[in-house]
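**Student:** Could you work out the structure for the sequence below:
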Amino acid sequence: MIHGFKAFMSARGWALLGGVIIGAALFLAGGLVLTKPPVEAATAVYPPAPTPTHAPAATPVAVALAQPQLAPQAGPRVYSGDVLPDRKVAVAAEVIGQVLQVNVDVGDPVKTGDVLLRIDSTTLEAQRAQALAGLQAAQAQLDGLLLGADAADIAAARAALTAANSVYAKALAGPTNEDLEIAESQMRQAEAAVQRAQAAYDRVAWNPAIAALPESQQLQQATFQLAAAQAQYDKIVQGATEDVRNGAYAQVVAAQAQVDRLTRGATQPMIDAAQAQIRQAETALFLTQVQVDKATVRAPIDGVVAKVNTSVGANAAPGAPIFEIVSNEVKIVIAVEETRLAELSVGQPAAIRVNAYPDRTFAGEIVTLAPELNAATRTAEVTLRAQDDAGLLAPGMFATVELAH
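**Tutor:** As a prediction, the model looks like this:
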């Protein structure tokens, strides 16, 4: 062990011991530096500040404040806008039915009143014929009132009145002896027929197929006839009921009124009522004629067909757009900011350019200024019209407008 300790101290041991001694020396030196008292900072010496001297007070000067002035807008007044048709009309059917004929296509020019389309009007024509017949009947009734009745009409009415009186009188008096005898005789005959049929039936009653034999059917028929004869006899014995008497009396009143009307002629209230029926029939005929006319769709304005939304064989429905027509005249619409509206006026000239004709400038003028601004953009819609477009400007074009100062 002693030999090993000596070997350790001979090499590495002396090196470690030297390192420990050097570290201790450095630690002691650092302590001395940290514990050294601080050096006092040097105090700066400044010369005394000079005593201030007061200058004489300045005389106040009045200053006039100028009112703010809005400078006029500078720069070119160039705006972008759209070329729009002056008028655009959606044409819709007013009656329902199958489309029979379409006379125009997209791009075709049309004039006001040109036939665009025809719808099946078979049902409408029948309704018009019915209304016409009603008018003719009302007119005939008025003519009869105005002409009065002839002798034959009066005689026929009086005969009808006599018959009605006879029926009513019989209903009030009840059955006569003759009526009772006839009814009783018919009932006795029916009873005898039943007895004969019953005897014939009894002779073949043993037959299993009795239901299919004629004797069975004859007995059944005779029984029904007896029941009817008995009911008729009971009715005659009872006499007319209250309903029968009232009905007979109503016939008498109606027949008497007809005789009175024919003999004295038509009264003014009767003529007025007949004339009112004629006016009512004329109105019905007019309404059906209007519906028939609506089966033919016509152009409402001069222009060009822009859209066609139907074809032959399709069903047209009221209110559904089937054509769109735009006018030949166009307008240009731009949006102008609020700050420049005071500079614009109707009739003010403008230069219009479109991409389709880059080398050409169209002269135009302002035709309308919108009375209300767009609250979101604070701009007003200004409408212009080209004066020499010669049909070159088309709806949907993009336009650049320069307003003259």
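**Student:** How far off centre is stretch 178-185?
**Tutor:** Its chain's C-alpha centre and that of stretch 178-185 lie 74 Å apart, by Cα atoms, centre = their mean, to the nearest Å.
**Student:** no, scratch that, I was asking about stretch 263-275
**Tutor:** Using Cα atoms, centre = their mean, the offset of stretch 263-275 from its chain centre is 46 Å.
**Student:** in it, what's buried?
**Tutor:** 266, 274 (16 or more other Cβ atoms under 10 Å). All C-beta atoms are positioned from the backbone trio N, CA, C, and that covers glycine.
**Student:** ditto for stretch 101-111
**Tutor:** Neighbour-count burial for stretch 101-111 [16+ other Cβ under 10 Å]: 102, 104, 110.
**Student:** Show me these that map onto strands.
**Tutor:** 102, 110 (DSSP state E).
**Student:** In TSV: the buried residues of stretch 101-111, plus pLDDT and distance to Ala316.
**Tutor:** Formatted as TSV, the buried residues of stretch 101-111 follow (pLDDT from 0 to 100; distance: Cβ to Cβ, whole Å):
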residue	pLDDT	distance to Ala316
Val102	96	10
Val104	95	15
Val110	95	18
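**Student:** nearest to Gln189, of the buried residues of stretch 101-111?
**Tutor:** Among those, Val102 lies closest to Gln189 (Cβ to Cβ), at 78.7 Å.
**Student:** from the buried residues of stretch 101-111, which is closest to Lys307?
**Tutor:** Nearest to Lys307 among the buried residues of stretch 101-111, with distances taken as Cβ to Cβ, is Val104, at 10.8 Å.
**Student:** so what's the closest residue to the closest one other than its chain neighbours up against?
**Tutor:** Distance criterion Cβ to Cβ, 6 or more residues apart in numbering; nearest residue to Val104, sequence neighbours excluded, is Val305 at 5.0 Å. Taking Cβ atoms under 8 Å, 6 or more residues apart in numbering, we find Val305 in contact with 104-110, 116, 323-325.
**Student:** repeat that for 7 Å
**Tutor:** By Cβ atoms under 7 Å, 6 or more residues apart in numbering, the contact list for Val305 reads 104-108, 110, 323, 325.
**Student:** Nearest to Arg203, out of those residues: which one, please.
**Tutor:** Phe323 (90.0 Å).
**Student:** wait, isn't the closest one in contact with Val308?
**Tutor:** Yes: the pair Phe323 / Val308 is scored as a contact, 6.0 Å apart, by Cβ atoms under 7 Å.
**Student:** So Ser80 lies in a strand, does it not?
**Tutor:** Yes: under DSSP: H, G, I helix; E, B strand; the rest coil, Ser80 sits within a strand.
**Student:** For it, give its distance to Asn177.
**Tutor:** From Ser80 across to Asn177, the span is 113 Å (Cβ to Cβ, to the nearest Å).
**Student:** Between those two, which has more neighbouring residues?
**Tutor:** A count of neighbours by other Cβ atoms under 10 Å puts Ser80 above the other of Ser80 and Asn177, at 10 against 7.
**Student:** So what pairs up with that one in the strands?
**Tutor:** Thr400 (DSSP bridges).
**Student:** And the pLDDT at it?
**Tutor:** pLDDT, Ser80: 93.
**Student:** Could you do the one 4 residues further on as well?
**Tutor:** Leu84 carries a pLDDT score of 94 in this model.
**Student:** tell me which residues form a beta bridge with it?
**Tutor:** In beta-bridge terms (that is, DSSP bridges), Leu84 pairs with Lys331.
**Student:** So this structure: which segments form each domain?
**Tutor:** 78-89+328-403, 127-287 (automatic domain parsing).
**Student:** In CSV, list the ones you listed along with distance to Pro300.
**Tutor:** Compiled in CSV, these are given as follows (distance: least, Cβ to Cβ, whole Å):
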stretch, distance to Pro300
domain 78-89+328-403, 5
domain 127-287, 22
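**Student:** looking at these, which has the lowest confidence?
**Tutor:** domain 127-287 has the lowest average pLDDT among the domains of the chain, namely a mean of 88.
**Student:** what's the span of that one from first residue to last?
**Tutor:** In domain 127-287, first residue to last residue: 10 Å (Cα to Cα, to the nearest Å).
**Student:** Same question for stretch 87-103.
**Tutor:** 22 Å.
**Student:** what's in contact with it?
**Tutor:** With Cβ under 7 Å, 6+ apart as the test, stretch 87-103 has contacts from 115-121, 124, 291, 294-295, 297, 300-301, 310-327.
**Student:** Buried residues, it. List them.
**Tutor:** Those would be 87, 89, 91, 93, 95, 97, 99, 102, for stretch 87-103 by 16+ other Cβ under 10 Å.
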